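Peer 1: Here's my sequence, what's the structure:
(chains A, B, C and D, ligands or ions: 4)
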2 protein chains.
Amino acid sequence: MATSTVENYLKAILLRTEGSDHIVSMGVLAEALDVVPGTVTTMVKALAEQGLLDHQSRQGVRLTEAGRQLALGVLRKHRLVETFLVQTLKMDWSEVHEEAEALEHAVSERVLAQIDDFLGHPTTDPHGDPIPDVNGSVAGGAASVTLLNCALNQPLCVARIIDQSPAFLEFVQQTGLKPGARLQVVRREPASGVLHCEVRPGGEVALGLPEAGKIAVRSVS
Amino acid sequence: MATSTVENYLKAILLRTEGSDHIVSMGVLAEALDVVPGTVTTMVKALAEQGLLDHQSRQGVRLTEAGRQLALGVLRKHRLVETFLVQTLKMDWSEVHEEAEALEHAVSERVLAQIDDFLGHPTTDPHGDPIPDVNGSVAGGAASVTLLNCALNQPLCVARIIDQSPAFLEFVQQTGLKPGARLQVVRREPASGVLHCEVRPGGEVALGLPEAGKIAVRSVS
DNA sequence: CGCGGTATTTTGACTAGTCAAAATATAATT
DNA sequence: AATTATATTTTGACTAGTCAAAATACCGCG
Ligand SMILES: [Mn+2]
Ligand SMILES: [Mn+2]
Ligand SMILES: [Mn+2]
Ligand SMILES: [Mn+2]
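Peer 2: Numbering: from 1, shown residues only, chains lettered A, B, ... in the order given. Ligands and ions are numbered 1, 2, ... in the order given. Got it, this is the predicted structure:
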C-alpha cells in the first residue's frame, strides 16, 4: 500500500496539473505540502523510481497514468468523506476539509463503497468540486465562468467555490453563497474594486474582485 | 499528538490489564502487536520516558493514569466507529474490527462527537463490549457469566462476544448468537466436549466447550 | 548449588521522511 | 558577457519504528 505521505504528494500534484498539462515545480509542491524544497526533490526521485511520476531535473514533475489513478482514488475518498461529514454528520462546512485530509488515508475501499451507497452516489462535494467515479473518471472541468466574467443581471447559480481557505469558506457560509444558491450580479466597479450581487434569499452582497473570481457560477434558465 | 503506533501500544496494554491489576509481559505485547520482542522493549522504554507507563525490567508494564486516559480515548474511538460502521453503514459485523483498527487513529474528537450524537450515545459496541464515555469511565466489567457456567434451561440473553477473531464472529453471525439474542442452554456433555443450546428464532446450536466460554450471557426475566 | 531453558534486553543495521545548509544550475539584469 | 538572483539539488544528520541475532538475566529442577 502507498503510505499517506505518498498519497498526499500525488494528490497535491494532481490538483495542480489536472486540466492544464502543466508541470509542477518543486517549490510549489514544497509550499503545498509544507516541507522544505530539498525534501520534495528527494521524495520525487523515489516516486519516479516507483513509476508514479515523471521528473525532469530542474523543471518539475507530472504524474504517470499509474500515479494519476492512485491520486484520483485519494481525491475520491477526500471528496466523498467531505460530503458525508456535511450531509450525514452535519458538520460545519468550513471544517470538513481538514478532517478529510486525515480520513482520506484511513478509509478503505470497502468503507468508501458503503459511504457512496449511503449518499446515493453524489457527483460533487460540498464545495461543488467533482467527485471522481470508481473508475477514475472526473466530470469534465466545466468552463470556468465566475462572478468576475459572467453576464450582468442574469439569473445564476453558484456551481463551485474555488478557494478552500477556512476564512473564505466562512464568509461564503455567512452570506449564503454556497453551491446551489441563486443570485445575479448587479454591477462591477473596477475603480473601487468591488462587485455587488443579489443573493436569492440573502440580499445584497459586496465582494472584492479577486474574491469574485473564486466563485464559479452557471447560468440558470 | 500521539502517533498511531503509540496509540496501538497503549490500547493493547489497556485491553490486557483492565480489571485485573495485571502487569503485561513483553512477549504478550509482541504477539498482540505483531512485532518482535526486542521492538517492544525499545518502544516501552520510550513510552515510560514519556510517562505513559511504568516498566519494571524483566517483569512487564502497567499504564500510568496518563497512559490509561489516552488508551481509553482510543478504545472509545474504536468502539464507536465499529458501532457506526455496523448500524449506519450496514457493514458486515465480522469485518468492522479491522476497519476500526485504522480509523481509530484518524477520527478527530470533533468527528467522534458527531458520530456519538448521531448514534444516540450508545454504551456498547456491536460485540457487546462497553464503550468508554467522554470522561474515560467504562461501565463496570459485569460478572462474566458465559454459556460454560450458567444455569441450564433458563432464559438467557447474549451480552458479549469475547473472542474477536473473524472466523468465530462469522460463526456467531450465522447461528444468530449475536448480542441481544435470546437462548437457553439445553445440556452440556463434558464427555464429548459439546454444548447444546436453543437459540430463539434460530433453533438448536451445538458448540465446543472452549467456544461456549467465549459467549457471555445475562439471565433475562 | 549448578545447569538448562525461556523471556528479555542489547546491539547494530535498516527504511521512510524530514531539515539545515552548502553546492549548483538556470534565469534575469545590468 | 558578466554578474546577480532564484530555484533546485546534494550532503550530512536526525527521528520513529522496526528486525536479526547475540548477550544477559531469571526461572525451576535435579
Ligand atoms: Mn477538501
Ligand atoms: Mn491527506
Ligand atoms: Mn474491535
Ligand atoms: Mn489501531
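Peer 1: what does chain A have sitting close to ligand 2?
Peer 2: Of all the residues in chain A, those in contact range of ligand 2 (CB under 5 Å from the ion) are A:8, A:101. All C-beta spots, glycine's among them, are computed from the backbone N, C-alpha and C.
Peer 1: go with 8 Å
Peer 2: Within chain A, the positions lying close to ligand 2 (CB under 8 Å from the ion) are A:4, A:7-8, A:11, A:74, A:78, A:100-102, A:104-105.
Peer 1: of the residues you listed, buried ones?
Peer 2: Burial by neighbour count, judged by 16 or more other CB atoms under 10 Å in any protein chain shown, picks out A:7-8, A:11, A:74, A:78, A:100-102, A:104-105 from the residues of chain A next to ligand 2.
Peer 1: circling back to that earlier point, kindly reformat the residues of chain A next to ligand 2 as TSV containing secondary structure, pLDDT and distance to residue A:178.
Peer 2: Output for those, formatted as TSV (DSSP: H, G, I helix; E, B strand; the rest coil; pLDDT from 0 to 100; distance: CB to CB, whole Å):
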residue	secondary structure	pLDDT	distance to residue A:178
A:4	helix	98	30
A:7	helix	98	28
A:8	helix	98	27
A:11	helix	98	24
A:74	helix	98	25
A:78	helix	98	19
A:100	helix	98	17
A:101	helix	98	21
A:102	helix	98	24
A:104	coil	98	22
A:105	coil	98	27
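Peer 1: can you tell me which residues contact the residue nearest to the spatial centre of chain A?
Peer 2: Relative to the mean C-alpha position of chain A, the nearest C-alpha, by CA atoms, centre = their mean, is the one of residue A:129, at 5.4 Å. With CB atoms under 8 Å, 6 or more residues apart in numbering or on different chains as the criterion, the residues that contact residue A:129 are A:79, A:160.
Peer 1: now it: how far from residue A:161?
Peer 2: Applying CB to CB, to the nearest Å, the value for residue A:129 to residue A:161 is 8 Å.
Peer 1: same check, this time on residue A:21
Peer 2: According to CB to CB, residue A:21 stands 25 Å off from residue A:161.
Peer 1: neighbour-wise, which of the two wins?
Peer 2: Residue environment comparison for residue A:21 versus residue A:161 gives the larger neighbour count to residue A:161, 22 against 7, counting by other CB atoms under 10 Å in any protein chain shown.
Peer 1: Do I have it right that that one meets residue A:179?
Peer 2: Yes: in terms of CB atoms under 8 Å, residue A:161 counts as a neighbour of residue A:179; the distance is 6.7 Å.
Peer 1: what is in contact with these two at once?
Peer 2: Jointly contacting residue A:161 and residue A:179 under the rule CB under 8 Å, 6+ apart are A:127-128.
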